[in-house]
Structure formats: structure tokens, C-alpha cells
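Visitor: below are the sequence and a predicted model; questions follow.
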Amino acid sequence: MSTETVSHPLFARIYAHISGRMERELGRYRDELVGDLPEKVLEIGSGDGMNFAHYGEATEEVVALEPEPYLREKASPRAAAAAVPSTTVIGTAGDLPFGDDEFDAVVVCLVLCSINDPGSALSEFKRVLKPGGSLRFFEHVRSGDPKKARIQTGLDRSGIWPRLSGGCQCSCQTVSEIERSGFEISEIREFETRPSWLHTSPSVLGTAVTQ
């Protein structure tokens, strides 16, 4: 089981600096993402811990995986202050340091776009989920507008955006990837995050269950 770190020192500091402003736009989606999750939850790529405050009474424990050292350090005080018992651990999504059937839900929030092999990561999510467990996701995706999709693809292929954003790819077809990995989408909605012209919009928010 991996406990490796992934260091993006410049991106991590920029992200931590702007995450409070992002919360004003994204906080309502975070509520919807995690507010009703049951029992024991694994959050993948928790960043600086902005989701911790949004978990509800049904959640008994949150284990948050974050490989980036600076972001994990920033997340620790938020975990300590959270109403739900929360801890942050080192690890990567493709080789989770947990046993089989350990969690009732897995959460990914704006993170699948930066995982090099999302298929392997999704297989790991299935492994650690209990039978009938759920994957809750909030991710930006490839636009249905051909012009914007070409811009997203161009930014990814140029390497400019991934280098600036800790490996993020803005033209991901995340929903198809989730389905190919053997999850069944039980609910989903697509929406534009503000500003809508941003290349990391639109987003999807939904739930997938193990088959």
C-alpha cells in the first residue's frame, strides 16, 4: 500500500490562498456533495480540507487522503475543528492504504482530473467500498460546446494548464470513466460554475453505486 507524496509546491500555495474565495461559489455544492453521507467516509484528494465543515450528522468518521504535503498540513487544523471526527493521511488514489470493504462512501471533489490513471483509482475506490457503497463526485468535465471543448483539449495537450494546476486536465470525460470502471450512475446533474466561460466549467455532481 502506497504512502507516497505528490509535491506541487507552487500550485498548493496558490490553491490554499484562493480556496476561501472559491468556497463562496462552491460551498453550496459541497453541502450537496457530502452533507448526507452515512457512517465511515473516505475523501480522496482532500486538498486543504474545505469539505470537512460540510459533513452532516449522519457521518460518523471521515478519513481524508491527501498526497501533497503543504495541502495536507493546511487540512490538519480544519480536520481537528470539524464536527465530524476527521483525519488526514498520506497516500495516492491508485494504491489506497486501506483494506477491502472498509468504507460506506468514497468522495472525490475536483480531483479525478489530476489523477494520471483514473481507471486504476476508480478500481481502488470499488475495492475499499462496502457492498452497496457509493461514490459521490463533484468534478469539472469536458464541455458539450465544441468550441470550448477544443480550447480545453488544446490547453491540456500544450501542457500549459496541467503544469500550472498540479496536473489537472480540463477536458476530462469523467462520467464515462466512472461508468467504464463498473460503477452505475444513480443520480447526476450538470451545471455551469461561475464564471461560466472558465475552461474548468461545466461541472457534474452525482452519485454512483457499486454493481
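Guide: It's in.
Visitor: so, low pLDDT: which residues of this protein?
Guide: The chain contains residues with pLDDT under 70 at 1-4.
Visitor: longest helix anywhere in the chain?
Guide: The residue-count maximum for a helix in the chain (DSSP state H) belongs to helix 9-34.
Visitor: what about the strands in this structure?
Guide: Counting by DSSP state E, one finds strands in the chain at the ranges 39-44, 59-65, 86-89, 103-109, 129-140, 183-191, 203-210.
Visitor: what sits against Ser76?
Guide: With contacts defined as CB atoms under 8 Å, 6 or more residues apart in numbering, the neighbours of Ser76 are Gly49, Thr88. Any C-beta I mention is one placed from the backbone N, CA and C, and that applies to glycine too.
Visitor: I meant to write Ser120 there.
Guide: Neighbouring residues of Ser120 by CB under 8 Å, 6+ apart: Gly94.
Visitor: repeat for the one 4 residues further on
Guide: Glu124 makes contact with Ala93, Gly94, Asp95, Leu96 under the criterion CB under 8 Å, 6+ apart.
Visitor: could you turn the buried ones of those residues into a ChimeraX selection?
Guide: A single ChimeraX command selects the buried members of the contacts of Glu124 (16 or more other CB atoms under 10 Å):
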select :93,94,96
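Visitor: nearest to Ser186, of the contacts of Glu124?
Guide: Comparing those against Ser186 with CB to CB places Ala93 closest, at 21.5 Å.
Visitor: please name the nearest non-neighbouring residue to that closest one.
Guide: Nearest non-adjacent residue to Ala93, counting by CB to CB, 6 or more residues apart in numbering: Ala121, 3.8 Å away.
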